[in-house]
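K.L.:
Only the shape, not the letters, is given here:
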């Protein structure tokens, strides 16, 4: 399974843990709640859903809003609702325990962060600290590169480089605040996302 498919699988299981949904609802939630999926298509979603069903992690049910008979009379297929099975919930809980380097990367971190309310504190801390470490490494490389090439850059390219560095620096400061909140035992505070102003945004949505 590709890294992209793994992120999509994790997001689908996490969203369906909250409640059953049909494909359109899932796509809408992926687009609006998880910024990393803003550009993905139905062509990615449905093969992933079918794979999760075949593995026993999801179950398909006909939507109660549109009975089979009504759909048949209208000449269309009935809507399918996807529900997380007990095995799917167990698999999602296992995925939540993962805190390795891929969980720190741009694409995965935003999705992992969206489900932090279901994640154990020690795992949240490892992911946050890993992400901070990864960004600090990136920032060091950006600064070194800028120092080497500054004299050869025009003003606009230079400003773009500075903007990228400032974006990374802002995220590092944000991560520092989150880590301190976790250490103080306030990581599950109801107002966490509102305080940080990141309810429906991707924490990795920065320009580098």
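P.N.:
Good, I have the coordinates. Since the model is a prediction, treat every value here as computed from it, not as a measurement.
K.L.:
Quick one: classify residue 82 as helix, strand or coil.
P.N.:
strand (DSSP: H, G, I helix; E, B strand; the rest coil).
K.L.:
if you skip the residues just before and after it, what's nearest to it?
P.N.:
residue 58 (5.0 Å; Cβ to Cβ, 6 or more residues apart in numbering). Where C-beta positions appear, they are placed from N, C-alpha and C, glycine not excepted.
K.L.:
Give me the neighbour count for that neighbour.
P.N.:
Applying other Cβ atoms under 10 Å, we find 23 residues neighbouring residue 58.
K.L.:
Please report the distance of it from residue 167.
P.N.:
Distance from residue 58 to residue 167, counting by Cβ to Cβ, to the nearest Å: 36 Å.
K.L.:
ok so, going back, for the residue nearest to residue 82, list each beta-bridge partner.
P.N.:
residue 84 (DSSP bridges).
K.L.:
going forward, begin numbering at 22 instead of 1
P.N.:
Let's use 22 as the start, then, which means that last one is residue 79.
K.L.:
Tell me how far it lies from residue 42.
P.N.:
On the measure of Cβ to Cβ, residue 79 and residue 42 end up 11 Å apart.
K.L.:
Now the common contact residues for those two.
P.N.:
residue 103 (Cβ atoms under 8 Å, 6 or more residues apart in numbering).
K.L.:
could you list every residue that touches the one residue sitting closest to the centre of the chain?
P.N.:
Geometric centre of the chain, nearest residue: residue 132, 1.3 Å, by Cα atoms, centre = their mean. Residue 132 sits next to 28, 31-32, 35, 55, 57 when contact means Cβ under 8 Å, 6+ apart.
K.L.:
Can you pick out the most distant pair from these?
P.N.:
Maximum pairwise distance in the contacts of residue 132, criterion Cβ to Cβ, is 12.8 Å, between 35 and 57.
K.L.:
check which helix or strand covers the residue nearest to the centre of the chain.
P.N.:
Taking DSSP states H and E as the criterion, residue 132 maps to helix 127-135.
K.L.:
and if you look at residue 34?
P.N.:
helix 24-39.
K.L.:
Check which residues of that helix are buried.
P.N.:
Neighbour-count burial for helix 24-39, counted by 16 or more other Cβ atoms under 10 Å, picks out 27-37.
K.L.:
what element comes up after that helix heading to the C-terminus?
P.N.:
strand 42-43.
K.L.:
what is the rounded mean pLDDT of the helix or strand following that next one?
P.N.:
Moving toward the C-terminus from strand 42-43, the next helix or strand (DSSP H and E) is helix 44-54. Taken as a whole, helix 44-54 has a mean pLDDT of 85.
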